[in-house]
Each structure stands twice: as C-alpha cells, then as structure tokens.
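J.: need a structure here:
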Amino acid sequence: MFVGEYMKSRIKPSMIEKFQQIRMKNLENEYIHPSFLMEQRLLDAIKNGNRTKALNILGSINRDQRPKLAQQSIRSLKNSLICSCTLFTRAIIQGGVQPEKAFNLSDTYILEIERIEDYHELEQLEYSMLDHFIHVLKEEEKLPYSKTINRAITYIHDHILQHLKLEVIAKHSYVSASYLSHLFKKEVGVSIVQYINKKRIEESKYFLLHTTSPISEISSLFRFCNQSYYTALFKKHTGITPKEFREKHTNKQTS
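T.: Model (predicted):
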C-alpha cells in the first residue's frame, strides 16, 4: 500500500467529505485564501522588526474576506486570530526572541482572544497584538550582546535555581556547546560557569537579607556543591562571607 493510500485509509470518511464540501463552496463563492507569498512577506516583516511593513501587509490581507473557521462568526474570527497569534509567535522566535518568552506572550493573547466577545474589538486586537509582538522583538534586540548570547543569558536567568548544563543552554541557544562557550567568553568576558556563579551569588543575597534560612540551605538552593564553596565564591565576589553580609545588613536595618 502506498503511503498516500495508507494515510487516506486512516482519515475518517466524514472529514474527507467535509473537506470536499468546503472546497466546492469556496470555489462557488470564488473565495481564495490569502496567498502564501503574502503570508511569508508578513512573517519576514515581523521577524525583521519592520512594524510599518508588517501592519500594511496585515491590512492588505484583512481587506479580503476571512476564511470561515466556525459556524458562528465571532468564533470563526477568534479561530482566525489564534492562527495569526501562532504565526506571529513563530516569527519573533525566528527573529531572536527566547521561545519561552514568545510562548508566554502567545498564551496571554489567546486568553484575551477568548475573553473578548465584541467583533470589532477582536478585529482591532489583531493589530495591537502584532504591534506588541514586534515591540517584544525590538526590546530583545536592545540587549547588549548578540542574539545567541542573549538567548543563553535569558535561559540562565530563567533557570538559575536549576542544574545548568552547557549542552542544555547551547540547545536553547540553537548552537553547539563548543561554539557557545567560545562566543560567550568572547562577548561577555567571562566563561559561562563564571557568569552562572556570579548570577547565583547575586540572587542568593535576597535570601540572606529577607529570609532566616540557614546558609547551608541557601547554598543548596542555588546548586553550590557545598557551603564552603559557596562561602569562598561569595567572599571572592563581595569581599565578605555570606554570614558577614547578612549580619552587616541586619545591623543596618536594626539601626
């Protein structure tokens, strides 16, 4: 059995029939979906952060009739906007936005799409959504390093309490571990391990100041192999031990 025949046998007959019905209806109504070329131009404009071009292309696409994606017009529009949101998300990821950040933005807008029940408000939301996605992309570009290093740093910050392996960070930065290690040292001036340790020391200060957790627990929380190593690194970066840091600031607050 050919692959095509096998796949056809796996598809429900009702779905094949519905596909044919929709296809014939669109032909009768002379309805054609927005061209793939127009869609690609829109995604390229978003990926490159070209707000004006992206908004103009979206406007051109929306001047044509939207596809019918549900029986109720409001539901059909919501489905169309969810499709747009998915495309916008992929475009800014390709443009350099950290995937988790892009997906969180997408989740936020999909919930907003589901919340709104006014047709005109939904139509306007698509444009403000596009504007916001490009804004996030632009903000990402303002970070001081290359997109690869910015992705790596964002991942480190988001997972600072987890076990951070070079291979995993590199995977989320879309490069090899050896290349990321070389590039990170070149751009940031320190190794990834040194950067992670410094970041963990900085983050641990909050727990020293605002909790009564034992220093051994704070050391363990930030994945240092033992309290002695944490203390030595803390003193190297700050000039004092974690205990001295806590006592110094506690005395200031008391005074």
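
J.: only C-alpha atoms for contact and neighbour calcs from this point on.
T.: Noted.

J.: contacting residues around Ser106?
T.: Cys85, Thr86, Thr89 (CA atoms under 8 Å, 6 or more residues apart in numbering).

J.: filter those to the buried ones?
T.: Burial by neighbour count, 16 or more other CA atoms under 10 Å: within the contacts of Ser106 this picks out Cys85, Thr89.

J.: secondary structure added to the contacts of Ser106, as TSV?
T.: Below are the contacts of Ser106 laid out as TSV (DSSP: H, G, I helix; E, B strand; the rest coil):
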residue	secondary structure
Cys85	helix
Thr86	helix
Thr89	helix
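
J.: nearest to Asp118, of the contacts of Ser106?
T.: Cys85 (18.1 Å; CA to CA).

J.: wouldn't the closest one be in contact with Tyr109 here?
T.: Yes - the criterion here is CA atoms under 8 Å, and Cys85 meets it with Tyr109 at 7.4 Å.

J.: now do the shared contacts for those two.
T.: Residues touching both Cys85 and Tyr109 (CA under 8 Å, 6+ apart): Met129.

J.: mind listing the helices for the stretch 1-150 of the chain?
T.: Along the stretch 1-150 of the chain, the segments classed as helices by DSSP state H, counting those that start in this stretch run 3-10, 13-28, 36-47, 51-62, 73-94, 99-115, 119-141, 147-158.

J.: tabulate these (CSV), appending distance to Leu208.
T.: Formatted as CSV, the helices of the stretch 1-150 of the chain follow (distance: least, CA to CA, whole Å):
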stretch, distance to Leu208
helix 3-10, 60
helix 13-28, 61
helix 36-47, 42
helix 51-62, 45
helix 73-94, 37
helix 99-115, 29
helix 119-141, 31
helix 147-158, 19
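
J.: can you redo these as CSV with mean pLDDT and distance to Ser191?
T.: Compiled in CSV, those are given as follows (pLDDT from 0 to 100; distance: least, CA to CA, whole Å):
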stretch, mean pLDDT, distance to Ser191
helix 3-10, 48, 50
helix 13-28, 54, 55
helix 36-47, 87, 30
helix 51-62, 90, 36
helix 73-94, 91, 26
helix 99-115, 88, 24
helix 119-141, 90, 22
helix 147-158, 87, 12
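
J.: do you know which of the ones you listed lies nearest Cys225?
T.: With CA to CA, the closest approach to Cys225 among those belongs to helix 147-158: 18.1 Å.

J.: now the closest one: buried residues?
T.: For helix 147-158, a neighbour-count test (16+ other CA under 10 Å) marks Lys147, Thr148, Ile149, Asn150, Arg151, Ala152, Ile153, Thr154, Tyr155, Ile156 as buried.

J.: tell me the one among the residues you listed nearest to Arg223.
T.: Taking CA to CA as the measure, Arg223 sits nearest to Ile156 out of the buried residues of helix 147-158, at 13.1 Å.

J.: tell me the SS of Arg223?
T.: With three-state DSSP as the criterion, Arg223 reads coil.

J.: now the helices for the stretch 151-255 of the chain?
T.: So, for the stretch 151-255 of the chain - with DSSP H, counting those that start in this stretch - the helices run 166-173, 177-188, 192-210, 215-221, 227-238, 242-254.

J.: out of the contacts of Ser106, which comes closest to Lys47?
T.: Distances from Lys47 to the contacts of Ser106, taken by CA to CA, are shortest for Thr89, at 9.7 Å.
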